[in-house]
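Enquirer: Sharing a model that was predicted from the sequence below.
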Amino acid sequence: MARYVLAIDQGTTSTRAMVFDQSGGVVSTGQLEHRQSFPRAGWVEHDAAEIWRNTREVIGQALSRADITRHDIACVGITNQRETTVVWDRATGEPVHPAIVWQDTRTQEIVDRLAADGGTDRFRDVTGLPLATYFAGTKLLWLLENVDGLRRRAEAGEVLFGTVDTWLLWNLTGGPDGGVHATDVTNASRTLFMDLRTCQWDQAILDELGVPARMLPRICSSSEEYGRIESSSLLRETPVTGILGDQHAATFGQVAFEAGESKNTYGTGNFLIVNTGEELVRSEHGLLSTVAFQLGTEPVRYALEGSIAVTGSLVQWVRDNLGLIREAPEIEELALSVEDNGGAYFVPAFSGLFAPYWRPDARGALVGLTRYVTKGHLARAVLESVAFQTRDVLAAADADADEAAAELKVDGGMVANDTLMQFQADVLGIPVVRPRVVETTALGAAYAAGLAVGFWSGLDELRDQWSEDRRWEPRMERAEAERLHRNWQKAVRRTFDWVDADTR
């Protein structure tokens with residue numbers, strides 16, 4: 001009898017395979033980082049073939065470390081970095097270009113061109129999204145316009161498009177030999193091509209943009225059988241039954257199933273998602289309307305999302321580009337070497353500013369410097385920038401909901417940083433709550449997959465598995481918290497209007 005569910009968590013910096021048991025506990029993990037490529041300022045690329053190789057290897061690691069085989073695995077779920085765009089040859093399976101990562105800003109000229117007719121909200125009523133470099137649609141347009149012969153090949157049906165979930169599913173289920181070309185509603189909702197009301201590709205938008213529909217994957221729910229893993233794999237014949245974009249998966253892993261429930265994930269970026277149930281809510285304060293999840297033939301659940309581009313990746317930048325620390329966790333020790341930020345504020349607008357500002361013209365800035373400031377103050381400013389950005393998007397969510405959140409559920413790698421979590425509670429003025437299983441992204445993918453095959457009986461069983469690990473209560477005086485945030489907002493304004501025709 002199959003005792004476990006395996007989740008593939010393909011993230012911005014690494015790929016993991018995690019085995020979960022019936023209680024939602026982690027049995028084993030395999031993980032590999034992949035190369036980050038920055039060929040020009042504003043360009044961010046991944047090697048999709050490397051990601052696929054790593055996926056196969058981490059599956060083997062996870063099975064080996066748990067001392068189990070495919071016969072012990074009931075099903076497989078996939079969660080992935082969203083918006084990252086892959087186009088590959090249907091016959092050979094070879095990518096036609098490096099994957100363009102969600103953080104990449106090379107498509108700003110395309111965004112400006114499209115926005116010249118109707119503004120950045122040109123397609124927002126249909127897709128829930130503003131025109132921005134963030135989303136997969138403009139990345140695909142760039143490829144069609146800049147890779148020799150690609151548009152002709154796309155129109156001839158020779159190449160396929162997908163976000164990373166689609167790329168992995170196609171390869172897992174056979175690749176050129178009958179691989180399934182599909183995605184789920186959450187990933188499709190991040191392309192600029194999907195009608196949020198019908199959850200189908202919008203042909204009018206495809207026609208306006210000149211995107212051949214035949215290169216797009218079939219849109220499915222987040223929990224159903226898409227296909228079975230091909231015969232040469234360690235998991236041969238195991239069904240793939242769950243797909244969720246990473247932030248939607250984290251929401252599912254935090255059991256935020258009902259309207260009003262929310263979570264905030266601290267990863268490469270930060271992402272606040274507030275479930276709005278079956279109601280498609282339009283934000284008036286800079287958040288995105290998106291799909292939360294869909295289970296089989298049940299109605300689609302919607303959400304509002306506050307997307308922050310750079311949080312954990314700022315720590316990585318401090319490590320790799322500045323050399324101030326050797327390992328990411330050392331940022332906390334360095335920050336604790338001082339009592340405050342020394343007046344320094346770090347606005348990491350490396351890809352512009354996402355929610356709630358949506359300022360592609362912004363660029364990173366470190367302000368408030370005096371000779372008093374040390375590397376300890378810079379480390380503290382880095383951590384505080386994460387909390388300040390979260391406050392900004394939570395304030396937008398509160399404004400859309402006409403009521404303030406009572407607490408914030410958190411997950412992701414950075415929630416192991418106690419100093420950050422305490423400051424987050426302080427600057428928000430509400431408790432911050434960490435669950436027992438903080439890697440809720442992989443857990444959510446496992447839950448979606450397991451529900452499709454009856455491994456778990458339903459949402460109530462999953463709710464019962466959630467438990468609190470730690471809670472941080474606000475300790476800072478509100479006047480001090482407001483002063484710090486007021487200075488942060490001044491720093492944010494200093495980043496505006498940096499990019500223009502001479503600096504892009």
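Expert: Nice, thanks for sending it over.
Enquirer: just so I have it, where are all the helices in the stretch 401-504 of the chain?
Expert: Under the criterion DSSP state H, counting those that start in this stretch, the stretch 401-504 of the chain carries helices at the ranges 418-428, 440-453, 459-465, 478-494.
Enquirer: Turn these into JSON lines, including mean pLDDT, mean neighbour count and distance to T138.
Expert: C-betas here are computed from N, CA, C, even on glycine. Below are the helices of the stretch 401-504 of the chain laid out as JSON lines (pLDDT from 0 to 100; neighbours: other C-beta atoms under 10 Å; distance: least, C-beta to C-beta, whole Å):
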{"stretch": "helix 418-428", "mean pLDDT": "95", "mean neighbour count": "22", "distance to T138": "32"}
{"stretch": "helix 440-453", "mean pLDDT": "95", "mean neighbour count": "30", "distance to T138": "25"}
{"stretch": "helix 459-465", "mean pLDDT": "94", "mean neighbour count": "14", "distance to T138": "36"}
{"stretch": "helix 478-494", "mean pLDDT": "96", "mean neighbour count": "15", "distance to T138": "24"}
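Enquirer: nearest to L143, of the ones you listed?
Expert: helix 440-453 (27.0 Å; C-beta to C-beta).
Enquirer: by contact count, what packs against the closest one?
Expert: strand 4-10, strand 14-20, strand 73-80, strand 223-228, strand 239-245, helix 246-253, strand 262-266, helix 459-465 (3 or more C-beta pairs under 8 Å, 6 or more residues apart in numbering; DSSP states H and E).
Enquirer: any idea how far the first one is from the chain center?
Expert: The chain centroid and the centroid of strand 4-10 are separated by 16 Å under C-alpha atoms, centre = their mean, to the nearest Å.
Enquirer: Quick one, grab the pLDDT at the nearest residue to E261 once chain neighbours are set aside.
Expert: Nearest non-adjacent residue to E261, counting by C-beta to C-beta, 6 or more residues apart in numbering: N275, 4.9 Å away. With respect to pLDDT, N275 scores 89.
Enquirer: List the residues that contact N275.
Expert: By C-beta atoms under 8 Å, 6 or more residues apart in numbering, the contact list for N275 reads T251, A256, F257, E258, A259, G260, E261, S262, A292, R301, Y302, A303.
Enquirer: Recalculate using a threshold of 6 Å.
Expert: Listed by C-beta atoms under 6 Å, 6 or more residues apart in numbering, the contact partners of N275 are A256, A259, E261, A292, A303.
Enquirer: From D207, how far off is the first one?
Expert: This points to A256. A256 sits 36 Å away from D207, going by C-beta to C-beta, to the nearest Å.
Enquirer: from what I can see I8 touches T79, true?
Expert: No: here I8 does not reach T79: they are 7.2 Å apart, not a contact under C-beta atoms under 6 Å.
Enquirer: When these two are compared, which one has more neighbours?
Expert: Legend: neighbour count by other C-beta atoms under 10 Å for I8 and T79, higher for T79 (36 against 30).
Enquirer: what's that one in contact with, if anything?
Expert: T79 neighbours (C-beta under 6 Å, 6+ apart): D9, L244, D246, A249, T441, A445.
Enquirer: Farthest-apart pair in these, please.
Expert: Longest span within these, C-beta to C-beta: D9 and L244, 10.4 Å.
Enquirer: Looking at those two, which is more packed in?
Expert: Using other C-beta under 10 Å, the more surrounded residue of D9 and L244 is L244, with 34 against 26.
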